[in-house]
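1. Take a look and give me a structure for this.
(one chain, ligands or ions: 1)
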Amino acid sequence: MLKGKHIVLGITGSIAAYKAAMLCRLLVKEGAEVRVIMTPLAKQFITPLTMATLSKHPILVEFFNPENGEWNSHVSLGEWADMLLIAPATANTLAKMTTGIADNLLLTTYLSARSKVAVAPAMDLDMYAHITTQQNLRTLAERGVAIIEPAAGELASGLVGKGRMAEPEDIVEQVKALFAAEVCRTMEGKSYIVTAGATIEPIDPVRYITNHSTGKMGYAIAEELAARGASVKLITGRTALATPKGVERVDVLTAEDMYNAAVEAWKGADGAVMCAAVADYTPQHVAERKLKKSDDDMRIELKRTKDIAKELGAMKGERVLVGFALETDNEAANAEGKLERKNLDFVVLNSLRDKGAGFGGDTNKITIIDKASATEHPLMSKRDVARIIVDKIESITK
Ligand code: C5P
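-> Next comes the predicted model:
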(Lines give C-alpha, C1' and ligand atoms only; values in the text may rest on other atoms or scores of the structure.)
Protein backbone atom coordinates (compact mmCIF):
# COMPACT_ATOMS: atom_id res chain seq x y z
CA MET A 1 0.00 0.00 0.00
CA LEU A 2 2.84 2.42 0.82
CA LYS A 3 5.24 0.88 -1.66
CA GLY A 4 7.42 3.53 -3.24
CA LYS A 5 5.68 6.38 -1.41
CA HIS A 6 8.02 9.16 -0.33
CA ILE A 7 7.33 10.15 3.25
CA VAL A 8 9.12 12.95 5.07
CA LEU A 9 8.74 12.13 8.76
CA GLY A 10 9.03 15.24 10.93
CA ILE A 11 9.82 14.71 14.60
CA THR A 12 9.37 17.52 17.11
CA GLY A 13 10.39 17.87 20.75
CA SER A 14 7.86 15.77 22.62
CA ILE A 15 8.36 12.79 24.89
CA ALA A 16 6.29 10.84 22.33
CA ALA A 17 9.31 11.15 19.97
CA TYR A 18 10.37 7.69 21.14
CA LYS A 19 7.31 6.29 19.31
CA ALA A 20 8.62 7.83 16.06
CA ALA A 21 11.21 5.04 15.96
CA MET A 22 8.50 2.39 15.72
CA LEU A 23 6.49 4.55 13.33
CA CYS A 24 9.48 4.88 11.02
CA ARG A 25 10.11 1.13 11.14
CA LEU A 26 6.50 0.36 10.26
CA LEU A 27 6.47 2.84 7.36
CA VAL A 28 9.66 1.33 5.93
CA LYS A 29 8.22 -2.17 6.40
CA GLU A 30 5.16 -1.11 4.38
CA GLY A 31 7.48 -0.18 1.51
CA ALA A 32 7.67 3.60 2.03
CA GLU A 33 10.87 5.55 1.51
CA VAL A 34 11.34 7.67 4.61
CA ARG A 35 13.50 10.76 5.19
CA VAL A 36 13.55 12.10 8.73
CA ILE A 37 13.70 15.75 9.74
CA MET A 38 14.06 16.47 13.45
CA THR A 39 13.68 19.81 15.17
CA PRO A 40 16.71 20.70 17.32
CA LEU A 41 14.77 19.87 20.50
CA ALA A 42 13.64 16.48 19.15
CA LYS A 43 17.28 15.31 19.30
CA GLN A 44 17.03 15.52 23.10
CA PHE A 45 14.24 12.94 23.05
CA ILE A 46 15.48 10.42 20.50
CA THR A 47 18.92 10.08 18.95
CA PRO A 48 19.62 10.88 15.32
CA LEU A 49 21.51 7.59 15.15
CA THR A 50 18.38 5.60 15.96
CA MET A 51 16.32 7.43 13.34
CA ALA A 52 19.07 7.32 10.70
CA THR A 53 19.44 3.57 11.20
CA LEU A 54 15.72 2.91 10.96
CA SER A 55 15.11 5.20 7.97
CA LYS A 56 18.35 4.04 6.28
CA HIS A 57 19.28 7.68 5.57
CA PRO A 58 21.03 10.43 7.51
CA ILE A 59 18.55 12.53 9.41
CA LEU A 60 18.24 16.25 8.79
CA VAL A 61 18.11 18.94 11.45
CA GLU A 62 19.98 22.03 10.32
CA PHE A 63 19.60 24.17 7.20
CA PHE A 64 23.14 23.20 6.23
CA ASN A 65 25.92 20.93 7.42
CA PRO A 66 28.34 23.10 9.46
CA GLU A 67 31.24 20.73 8.62
CA ASN A 68 31.14 21.20 4.86
CA GLY A 69 28.44 23.83 4.21
CA GLU A 70 26.26 21.30 2.34
CA TRP A 71 22.76 22.75 1.94
CA ASN A 72 19.79 20.72 3.16
CA SER A 73 17.22 21.94 0.68
CA HIS A 74 13.74 22.18 2.15
CA VAL A 75 12.46 22.97 -1.34
CA SER A 76 13.68 19.72 -2.87
CA LEU A 77 12.51 17.77 0.21
CA GLY A 78 9.10 19.40 -0.13
CA GLU A 79 9.01 18.43 -3.80
CA TRP A 80 10.26 14.90 -3.15
CA ALA A 81 7.59 14.15 -0.54
CA ASP A 82 4.30 12.43 -1.32
CA MET A 83 3.43 13.14 2.29
CA LEU A 84 4.88 15.21 5.10
CA LEU A 85 3.96 13.42 8.32
CA ILE A 86 4.77 15.26 11.54
CA ALA A 87 4.62 12.83 14.43
CA PRO A 88 4.79 13.81 17.19
CA ALA A 89 3.62 17.36 16.53
CA THR A 90 3.95 19.65 19.55
CA ALA A 91 1.68 22.60 20.35
CA ASN A 92 4.65 24.83 19.48
CA THR A 93 5.12 23.37 16.00
CA LEU A 94 1.37 23.42 15.29
CA ALA A 95 1.26 27.11 16.26
CA LYS A 96 4.22 27.91 14.03
CA MET A 97 2.66 26.01 11.13
CA THR A 98 -0.51 28.06 11.58
CA THR A 99 1.27 31.40 11.54
CA GLY A 100 3.97 30.64 9.00
CA ILE A 101 6.97 30.88 11.32
CA ALA A 102 9.89 29.17 9.60
CA ASP A 103 12.70 28.97 12.12
CA ASN A 104 13.81 25.38 11.53
CA LEU A 105 14.21 22.98 8.64
CA LEU A 106 10.99 21.11 9.39
CA LEU A 107 8.91 24.31 9.24
CA THR A 108 10.53 25.53 6.02
CA THR A 109 9.87 22.12 4.52
CA TYR A 110 6.23 22.37 5.61
CA LEU A 111 5.92 25.74 3.86
CA SER A 112 7.55 24.36 0.72
CA ALA A 113 5.66 21.05 0.63
CA ARG A 114 3.23 20.56 -2.23
CA SER A 115 2.26 17.17 -0.86
CA LYS A 116 -0.37 16.02 1.55
CA VAL A 117 0.49 16.98 5.14
CA ALA A 118 -0.57 15.04 8.24
CA VAL A 119 0.14 15.82 11.88
CA ALA A 120 -0.15 13.59 14.94
CA PRO A 121 -0.38 15.97 17.91
CA ALA A 122 1.17 14.94 21.21
CA MET A 123 1.03 17.06 24.34
CA ASP A 124 -0.31 17.41 27.82
CA LEU A 125 -4.11 17.33 28.12
CA ASP A 126 -4.48 21.01 29.05
CA MET A 127 -2.20 22.16 26.25
CA TYR A 128 -4.24 20.06 23.84
CA ALA A 129 -7.57 21.33 25.15
CA HIS A 130 -6.40 24.97 25.17
CA ILE A 131 -8.46 27.16 22.90
CA THR A 132 -5.31 28.32 21.09
CA THR A 133 -4.23 24.78 20.21
CA GLN A 134 -7.76 23.82 19.22
CA GLN A 135 -8.07 26.89 17.02
CA ASN A 136 -4.71 26.16 15.39
CA LEU A 137 -5.77 22.59 14.67
CA ARG A 138 -9.02 23.83 13.13
CA THR A 139 -7.13 26.33 10.98
CA LEU A 140 -4.71 23.67 9.79
CA ALA A 141 -7.57 21.27 9.04
CA GLU A 142 -9.31 23.99 7.01
CA ARG A 143 -6.12 24.39 5.01
CA GLY A 144 -6.15 20.69 4.19
CA VAL A 145 -3.79 19.32 6.83
CA ALA A 146 -4.94 15.90 8.08
CA ILE A 147 -5.10 15.74 11.85
CA ILE A 148 -4.40 12.32 13.33
CA GLU A 149 -6.26 12.65 16.62
CA PRO A 150 -4.41 11.95 19.83
CA ALA A 151 -5.76 9.27 22.13
CA ALA A 152 -6.93 9.62 25.73
CA GLY A 153 -4.91 7.89 28.40
CA GLU A 154 -2.05 8.30 30.82
CA LEU A 155 0.30 11.15 29.87
CA ALA A 156 3.99 11.66 30.65
CA SER A 157 2.99 14.22 33.27
CA GLY A 158 1.09 11.51 35.16
CA LEU A 159 -2.19 13.20 34.34
CA VAL A 160 -4.84 11.25 32.49
CA GLY A 161 -6.62 12.77 29.48
CA LYS A 162 -6.53 13.40 25.74
CA GLY A 163 -3.13 14.29 24.31
CA ARG A 164 -1.21 11.00 23.90
CA MET A 165 0.08 10.66 20.37
CA ALA A 166 -1.86 8.03 18.40
CA GLU A 167 -0.11 4.66 18.41
CA PRO A 168 2.33 4.08 15.50
CA GLU A 169 0.16 1.26 14.09
CA ASP A 170 -2.87 3.58 14.06
CA ILE A 171 -0.88 6.36 12.42
CA VAL A 172 0.24 3.99 9.66
CA GLU A 173 -3.40 2.96 9.08
CA GLN A 174 -4.41 6.60 8.77
CA VAL A 175 -1.51 7.33 6.42
CA LYS A 176 -2.67 4.46 4.22
CA ALA A 177 -6.25 5.75 4.31
CA LEU A 178 -5.07 9.22 3.29
CA PHE A 179 -3.24 7.82 0.27
CA ALA A 180 -6.22 5.64 -0.62
CA ALA A 181 -8.59 8.60 -0.48
CA GLU A 182 -6.40 10.64 -2.79
CA VAL A 183 -8.49 11.57 -5.80
CA CYS A 184 -7.02 10.83 -9.17
CA ARG A 185 -5.74 13.93 -10.92
CA THR A 186 -8.11 13.43 -13.81
CA MET A 187 -8.44 17.13 -14.65
CA GLU A 188 -4.75 17.88 -15.01
CA GLY A 189 -4.20 20.42 -17.81
CA LYS A 190 -7.74 21.81 -17.59
CA SER A 191 -8.39 25.36 -16.56
CA TYR A 192 -11.59 26.31 -14.73
CA ILE A 193 -13.27 29.46 -13.42
CA VAL A 194 -15.47 29.32 -10.34
CA THR A 195 -17.46 32.34 -9.16
CA ALA A 196 -18.46 32.31 -5.51
CA GLY A 197 -19.95 34.37 -2.70
CA ALA A 198 -22.07 37.47 -2.70
CA THR A 199 -21.37 40.69 -4.58
CA ILE A 200 -21.59 44.00 -2.75
CA GLU A 201 -23.24 46.99 -4.44
CA PRO A 202 -22.38 50.29 -2.73
CA ILE A 203 -25.13 52.86 -2.13
CA ASP A 204 -22.79 55.39 -0.54
CA PRO A 205 -19.41 55.06 1.23
CA VAL A 206 -21.14 53.40 4.19
CA ARG A 207 -24.07 51.31 2.94
CA TYR A 208 -24.44 48.57 0.39
CA ILE A 209 -26.80 45.95 -1.05
CA THR A 210 -25.79 42.31 -0.72
CA ASN A 211 -27.24 38.87 0.11
CA HIS A 212 -26.72 35.93 2.45
CA SER A 213 -24.30 33.87 0.31
CA THR A 214 -21.22 32.76 2.29
CA GLY A 215 -19.33 31.27 -0.67
CA LYS A 216 -19.07 27.78 0.91
CA MET A 217 -20.51 25.90 -2.07
CA GLY A 218 -18.29 27.67 -4.62
CA TYR A 219 -15.19 27.24 -2.48
CA ALA A 220 -15.90 23.51 -2.13
CA ILE A 221 -16.20 23.22 -5.93
CA ALA A 222 -12.94 25.13 -6.45
CA GLU A 223 -11.25 22.83 -3.93
CA GLU A 224 -12.55 19.71 -5.67
CA LEU A 225 -11.49 20.89 -9.14
CA ALA A 226 -8.00 21.74 -7.83
CA ALA A 227 -7.74 18.38 -6.02
CA ARG A 228 -8.35 16.69 -9.39
CA GLY A 229 -5.48 18.65 -10.90
CA ALA A 230 -7.35 21.45 -12.69
CA SER A 231 -5.93 24.95 -12.51
CA VAL A 232 -8.65 27.01 -10.88
CA LYS A 233 -9.36 30.72 -10.79
CA LEU A 234 -11.80 31.46 -7.98
CA ILE A 235 -13.48 34.82 -8.56
CA THR A 236 -14.96 35.62 -5.22
CA GLY A 237 -17.09 38.17 -3.46
CA ARG A 238 -16.34 38.94 0.17
CA THR A 239 -16.28 35.82 2.37
CA ALA A 240 -14.70 34.68 5.61
CA LEU A 241 -13.34 31.51 3.99
CA ALA A 242 -9.73 30.47 3.54
CA THR A 243 -8.52 30.03 -0.05
CA PRO A 244 -8.57 26.32 -0.93
CA LYS A 245 -5.19 24.69 -1.54
CA GLY A 246 -3.82 25.16 -5.04
CA VAL A 247 -6.49 27.67 -6.10
CA GLU A 248 -5.82 31.12 -7.54
CA ARG A 249 -8.14 33.59 -5.86
CA VAL A 250 -9.35 36.85 -7.39
CA ASP A 251 -11.22 39.09 -4.93
CA VAL A 252 -13.93 41.34 -6.32
CA LEU A 253 -16.58 43.57 -4.80
CA THR A 254 -19.38 44.42 -7.22
CA ALA A 255 -21.27 42.51 -9.92
CA GLU A 256 -19.50 44.74 -12.45
CA ASP A 257 -16.05 43.76 -11.04
CA MET A 258 -17.02 40.10 -11.10
CA TYR A 259 -18.28 40.42 -14.68
CA ASN A 260 -15.02 42.00 -15.83
CA ALA A 261 -12.84 39.43 -14.03
CA ALA A 262 -14.91 36.48 -15.32
CA VAL A 263 -15.08 37.65 -18.94
CA GLU A 264 -11.32 38.20 -18.94
CA ALA A 265 -10.62 34.79 -17.35
CA TRP A 266 -13.04 33.03 -19.74
CA LYS A 267 -10.68 33.71 -22.63
CA GLY A 268 -8.27 31.01 -21.50
CA ALA A 269 -10.61 28.65 -19.63
CA ASP A 270 -11.99 25.21 -20.47
CA GLY A 271 -15.04 25.61 -18.27
CA ALA A 272 -16.76 27.64 -15.59
CA VAL A 273 -18.99 27.01 -12.61
CA MET A 274 -21.11 30.03 -11.78
CA CYS A 275 -21.82 29.67 -8.11
CA ALA A 276 -21.80 33.33 -7.05
CA ALA A 277 -24.93 35.04 -5.81
CA VAL A 278 -24.62 38.08 -8.05
CA ALA A 279 -26.76 41.14 -7.36
CA ASP A 280 -29.38 41.56 -10.08
CA TYR A 281 -29.68 45.29 -9.40
CA THR A 282 -27.21 47.93 -8.35
CA PRO A 283 -27.76 51.58 -7.38
CA GLN A 284 -28.03 53.87 -10.41
CA HIS A 285 -25.67 56.32 -8.71
CA VAL A 286 -23.25 55.74 -5.85
CA ALA A 287 -23.33 58.78 -3.57
CA GLU A 288 -19.87 60.15 -2.94
CA ARG A 289 -20.78 61.18 0.60
CA LYS A 290 -22.82 59.41 3.24
CA LEU A 291 -26.53 59.93 2.54
CA LYS A 292 -28.13 61.97 5.31
CA LYS A 293 -31.47 60.93 6.72
CA SER A 294 -34.44 63.25 6.67
CA ASP A 295 -38.02 62.82 7.84
CA ASP A 296 -39.10 61.79 4.33
CA ASP A 297 -38.95 58.28 2.92
CA MET A 298 -36.13 57.56 0.55
CA ARG A 299 -36.02 55.95 -2.87
CA ILE A 300 -32.90 54.47 -4.39
CA GLU A 301 -32.98 54.02 -8.16
CA LEU A 302 -31.61 50.64 -9.14
CA LYS A 303 -30.37 49.52 -12.51
CA ARG A 304 -29.86 46.01 -13.86
CA THR A 305 -26.45 44.39 -13.55
CA LYS A 306 -24.97 42.34 -16.36
CA ASP A 307 -25.62 38.60 -16.30
CA ILE A 308 -22.17 37.01 -16.13
CA ALA A 309 -23.32 33.46 -16.80
CA LYS A 310 -25.31 34.59 -19.84
CA GLU A 311 -22.32 36.46 -21.23
CA LEU A 312 -20.04 33.44 -20.81
CA GLY A 313 -22.80 31.27 -22.31
CA ALA A 314 -22.86 33.45 -25.43
CA MET A 315 -19.11 32.85 -25.91
CA LYS A 316 -19.17 29.24 -24.79
CA GLY A 317 -18.47 27.13 -27.86
CA GLU A 318 -17.64 23.56 -26.83
CA ARG A 319 -16.67 24.53 -23.29
CA VAL A 320 -18.48 23.54 -20.10
CA LEU A 321 -20.69 26.02 -18.32
CA VAL A 322 -22.53 25.22 -15.11
CA GLY A 323 -25.02 27.48 -13.36
CA PHE A 324 -26.80 27.45 -10.05
CA ALA A 325 -30.41 28.19 -9.29
CA LEU A 326 -31.62 29.03 -5.84
CA GLU A 327 -35.38 29.15 -5.93
CA THR A 328 -38.23 29.49 -3.51
CA ASP A 329 -40.96 28.37 -5.92
CA ASN A 330 -41.51 26.93 -9.42
CA GLU A 331 -38.05 25.45 -8.96
CA ALA A 332 -37.77 23.04 -11.89
CA ALA A 333 -39.38 25.35 -14.46
CA ASN A 334 -37.17 28.27 -13.41
CA ALA A 335 -34.05 26.12 -13.56
CA GLU A 336 -34.93 24.86 -17.04
CA GLY A 337 -35.44 28.46 -18.16
CA LYS A 338 -31.93 29.35 -16.99
CA LEU A 339 -30.46 26.34 -18.82
CA GLU A 340 -31.86 27.72 -22.06
CA ARG A 341 -31.34 31.47 -21.56
CA LYS A 342 -27.74 31.22 -20.34
CA ASN A 343 -26.69 28.35 -22.63
CA LEU A 344 -25.65 26.19 -19.67
CA ASP A 345 -24.71 22.49 -19.79
CA PHE A 346 -26.50 21.91 -16.53
CA VAL A 347 -28.07 23.75 -13.64
CA VAL A 348 -27.60 22.85 -9.99
CA LEU A 349 -30.91 23.58 -8.36
CA ASN A 350 -31.28 24.09 -4.66
CA SER A 351 -34.56 25.08 -3.15
CA LEU A 352 -34.82 27.27 -0.08
CA ARG A 353 -37.78 25.08 0.82
CA ASP A 354 -35.44 22.15 1.56
CA LYS A 355 -34.13 22.03 5.10
CA GLY A 356 -30.32 22.09 5.16
CA ALA A 357 -30.03 23.51 1.62
CA GLY A 358 -28.93 26.92 0.40
CA PHE A 359 -27.06 29.70 2.18
CA GLY A 360 -24.60 29.46 5.01
CA GLY A 361 -24.80 25.85 6.20
CA ASP A 362 -22.34 23.06 5.54
CA THR A 363 -24.90 20.90 3.76
CA ASN A 364 -26.89 21.15 0.57
CA LYS A 365 -29.63 19.25 -1.22
CA ILE A 366 -29.47 19.55 -4.97
CA THR A 367 -31.13 18.49 -8.17
CA ILE A 368 -28.98 18.46 -11.30
CA ILE A 369 -30.96 19.51 -14.34
CA ASP A 370 -29.70 19.16 -17.89
CA LYS A 371 -31.49 19.09 -21.23
CA ALA A 372 -32.33 15.41 -20.87
CA SER A 373 -32.93 14.78 -17.19
CA ALA A 374 -33.40 15.99 -13.63
CA THR A 375 -31.46 14.01 -11.01
CA GLU A 376 -32.34 14.57 -7.37
CA HIS A 377 -29.66 13.96 -4.73
CA PRO A 378 -30.12 13.49 -0.98
CA LEU A 379 -28.98 16.01 1.65
CA MET A 380 -25.18 15.85 1.99
CA SER A 381 -22.15 17.96 2.86
CA LYS A 382 -21.21 20.74 0.44
CA ARG A 383 -17.89 18.93 -0.09
CA ASP A 384 -19.76 15.83 -1.29
CA VAL A 385 -22.07 17.97 -3.43
CA ALA A 386 -18.92 19.44 -5.01
CA ARG A 387 -17.73 15.91 -5.86
CA ILE A 388 -21.02 15.11 -7.58
CA ILE A 389 -20.92 18.34 -9.59
CA VAL A 390 -17.32 17.78 -10.69
CA ASP A 391 -18.12 14.12 -11.56
CA LYS A 392 -20.92 15.42 -13.77
CA ILE A 393 -18.56 17.94 -15.42
CA GLU A 394 -16.10 15.12 -16.09
CA SER A 395 -18.81 12.88 -17.51
CA ILE A 396 -19.78 15.48 -20.12
CA THR A 397 -16.23 16.38 -21.08
CA LYS A 398 -15.00 12.83 -21.64
O1 C5P B 1 -30.82 34.36 -13.16
P2 C5P B 1 -30.37 33.86 -11.84
O3 C5P B 1 -29.67 34.90 -11.02
O4 C5P B 1 -31.39 33.16 -11.03
O5 C5P B 1 -29.29 32.73 -12.24
C6 C5P B 1 -28.43 32.15 -11.33
C7 C5P B 1 -27.18 31.70 -12.04
O8 C5P B 1 -26.66 32.74 -12.86
C9 C5P B 1 -26.07 31.40 -11.07
O10 C5P B 1 -25.25 30.42 -11.67
C11 C5P B 1 -25.36 32.75 -10.94
O12 C5P B 1 -24.02 32.59 -10.49
C13 C5P B 1 -25.44 33.26 -12.34
N14 C5P B 1 -25.52 34.73 -12.44
C15 C5P B 1 -24.49 35.45 -13.00
N16 C5P B 1 -24.57 36.81 -13.14
C17 C5P B 1 -25.67 37.48 -12.73
C18 C5P B 1 -26.74 36.77 -12.17
C19 C5P B 1 -26.64 35.40 -12.03
O20 C5P B 1 -23.47 34.84 -13.34
N21 C5P B 1 -25.71 38.80 -12.87
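2. Model confidence for S73, exactly?
-> Looking at S73, its pLDDT is 80.
3. measure it to I37 for me?
-> Distance from S73 to I37, counting by Cβ to Cβ, to the nearest Å: 12 Å. Every residue, glycine included, has its C-beta placed from N, CA and C.
4. Could you pick out the residues of the chain near the ligand for me?
-> Residues of the chain lying close to the ligand (Cβ under 6 Å from any ligand atom) are 195, 255, 274-276, 278, 305, 307-309, 323-325, 338.
5. do that again at 8 Å, thanks
-> 195, 255, 258-259, 262, 274-280, 305-312, 322-327, 334, 338, 341-342, 344, 347-348 (Cβ under 8 Å from any ligand atom).
6. Can you tell me which residue sits nearest the middle of this structure?
-> Centroid-nearest residue in the chain, with Cα atoms, centre = their mean: P244, separated by 3.2 Å.
7. what about the strands in the stretch 101-250 of the chain?
-> For the stretch 101-250 of the chain, strands defined by DSSP state E, counting those that start in this stretch occupy the ranges 116-121, 146-147, 151-154, 160-164, 191-196, 201-202, 208-209, 231-236, 247-251.
8. tell me the mean pLDDT over the third one?
-> Meaning strand 151-154. pLDDT averaged over strand 151-154 gives 87.
9. The residue in the stretch 101-250 of the chain positioned nearest to the ligand: neighbour count?
-> Per Cβ to the nearest ligand atom, T195 is where the stretch 101-250 of the chain lies closest to the ligand, at 5.7 Å. Neighbour count for T195, taken as other Cβ atoms under 10 Å: 33.
10. can you tell me which residues contact it?
-> Counting by Cβ atoms under 8 Å, 6 or more residues apart in numbering, T195 touches 218, 235-236, 258, 262, 272-276, 278, 308.
11. Now flag whichever of these is closest to T132.
-> Distance to T132 across the contacts of T195 (Cβ to Cβ) is lowest for T236, with 28.5 Å.
12. Could you identify which of the strands of the stretch 101-250 of the chain is most buried?
-> strand 191-196 (a mean of 27; mean count of other Cβ atoms under 10 Å).
13. What is the distance between it and the centre of its chain?
-> Remark: strand 191-196 is offset 14 Å from the chain centroid, using Cα atoms, centre = their mean, to the nearest Å.
14. residue ranges of the helices in the stretch 51-200 of the chain, please?
-> Using DSSP state H, counting those that start in this stretch, the helices of the stretch 51-200 of the chain run over residues 74-80, 91-99, 105-112, 125-129, 131-142, 168-180.
15. Would you mind putting these into JSON lines with mean neighbour count alongside?
-> JSON lines is the format used below for the helices of the stretch 51-200 of the chain (neighbours: other Cβ atoms under 10 Å):
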{"stretch": "helix 74-80", "mean neighbour count": "17"}
{"stretch": "helix 91-99", "mean neighbour count": "20"}
{"stretch": "helix 105-112", "mean neighbour count": "22"}
{"stretch": "helix 125-129", "mean neighbour count": "17"}
{"stretch": "helix 131-142", "mean neighbour count": "14"}
{"stretch": "helix 168-180", "mean neighbour count": "17"}
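16. For those helices, give me JSON lines that also has distance to D297.
-> Listed next are the helices of the stretch 51-200 of the chain as JSON lines, based on distance: least, Cβ to Cβ, whole Å:
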{"stretch": "helix 74-80", "distance to D297": "61"}
{"stretch": "helix 91-99", "distance to D297": "50"}
{"stretch": "helix 105-112", "distance to D297": "56"}
{"stretch": "helix 125-129", "distance to D297": "54"}
{"stretch": "helix 131-142", "distance to D297": "44"}
{"stretch": "helix 168-180", "distance to D297": "59"}
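17. Tell me which residue of the protein is furthest from the middle?
-> Largest centroid distance in the chain under Cα atoms, centre = their mean is D295 at 49.0 Å.
18. Using the three-state scheme, assign that one.
-> coil (DSSP: H, G, I helix; E, B strand; the rest coil).
19. Am I right that V119 is in contact with A91?
-> No - counting by Cβ atoms under 8 Å, V119 does not reach A91; the two are 11.1 Å apart.
20. how about low-confidence regions in the chain?
-> Counting by pLDDT under 70, the chain shows low-confidence ranges at 182-183.
21. Which helix in it has the most residues?
-> helix 382-397 (DSSP state H).
22. Any idea how many residues pack against L349?
-> Neighbours of L349 (other Cβ under 10 Å): 25.
23. Which residues are in contact with it?
-> Here L349 is in contact with 324-325, 327, 331-332, 335, 366-369 (criterion: Cβ under 8 Å, 6+ apart).
24. same check, this time on K176
-> Contact analysis of K176 by Cβ under 8 Å, 6+ apart lists 1-2, 30.
25. Okay, it and G4: tell me how far apart.
-> For K176, the distance to G4 - Cβ to Cβ - is 13 Å.
26. next one: L125
-> In terms of Cβ to Cβ, L125 sits 38 Å off from G4.
27. thinking again about what came up before, so what's the residue of the stretch 101-250 of the chain closest to the ligand bridging to?
-> I235, M274 (DSSP bridges).
28. Would you check that V247 makes contact with E224?
-> No - shown here, V247 and E224 do not form a contact pair, counting by Cβ under 8 Å, at 10.3 Å.
29. neighbour-wise, which of S73 and I37 wins?
-> A count of neighbours by other Cβ under 10 Å puts I37 above the other of S73 and I37, at 26 against 17.
30. That one bridge partners, please.
-> Bridge pairing for I37 - DSSP bridges - gives G10, L60.
31. one step back: columns secondary structure, distance to A386 and neighbour count on top of the contacts of L349, output as a markdown table?
-> Formatted as a markdown table, those follow (DSSP: H, G, I helix; E, B strand; the rest coil; distance: Cβ to Cβ, whole Å; neighbours: other Cβ atoms under 10 Å):
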| residue | secondary structure | distance to A386 | neighbour count |
| --- | --- | --- | --- |
| F324 | strand | 12 | 24 |
| A325 | strand | 17 | 21 |
| E327 | strand | 20 | 17 |
| E331 | helix | 21 | 20 |
| A332 | helix | 22 | 15 |
| A335 | helix | 19 | 25 |
| I366 | coil | 10 | 25 |
| T367 | strand | 16 | 19 |
| I368 | strand | 13 | 19 |
| I369 | strand | 17 | 24 |
